[in-house]
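Visitor: Sequence and predicted structure, then a few things I'm wondering about:
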Amino acid sequence: MRTFDREWKKGISLAGDDIGTPIIGFEDEKGETFGIFGPVITRVPDKRQSLELWDSVVLLTPTPGFWEFKTHEDRKTRIWRKTMRSIFRNSGDKRSPSEFRKTSL
């Protein structure tokens with residue numbers, strides 16, 4: 001089996017077979033590995049925006065019951081950034097997003 005096929009199957013086992021790419025694998029504080037599909041972006045963010053996006057993904061991903069965010073492609077990104085900052089500040093979670101570890105797929 002080719003490396004690509006093995007890695008694809010590994011990603012699907014983490015995130016489910018009803019998704020596409022990108023797949024990101026995480027390990028939670030209990031050491032359990034899980035995956036997500038996304039984030040899907042339409043523009044390349046600058047460095048600051050990239051870090052904010054990553055922090056938001058890491059904060060929301062392990063939230064029990066969290067399902068998805070979705071918006072129309074041309075929706076203003078300022079709404080997203082403002083919402084994510086608010087969620088991060090008001091989460092009550094004392095852990096830093098950097099405390100989660102990204103696993104390689």
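Guide: That came through fine.

Visitor: Work out for me the element the residue lying closest to Gly35 once chain neighbours are set aside sits within.
Guide: Nearest non-adjacent residue to Gly35, counting by CB to CB, 6 or more residues apart in numbering: Leu14, 2.8 Å away. No exception for glycine: its C-beta is placed from N, CA and C like everyone else's. Taking DSSP states H and E as the criterion, Leu14 maps to helix 3-15.

Visitor: What mean pLDDT does that helix get?
Guide: Summarised as a single mean, pLDDT over helix 3-15 is 74.

Visitor: Could you pull out the helices in this protein for me?
Guide: Per DSSP state H, the chain carries helices over the ranges 3-15, 47-60, 77-90.

Visitor: Would you mind listing the outside residues contacting the helix holding Leu14?
Guide: For helix 3-15, the surrounding residues in contact (CB atoms under 8 Å, 6 or more residues apart in numbering) are 19, 21, 23, 25, 33-37, 105.

Visitor: Would you confirm that Thr61 contacts Phe26?
Guide: Yes. Thr61 lies in contact with Phe26 (CB atoms under 8 Å); the separation is 5.9 Å.

Visitor: rewinding a little: how close does the residue nearest to Gly35 get to Gly65?
Guide: Leu14 sits 18 Å away from Gly65, going by CB to CB, to the nearest Å.
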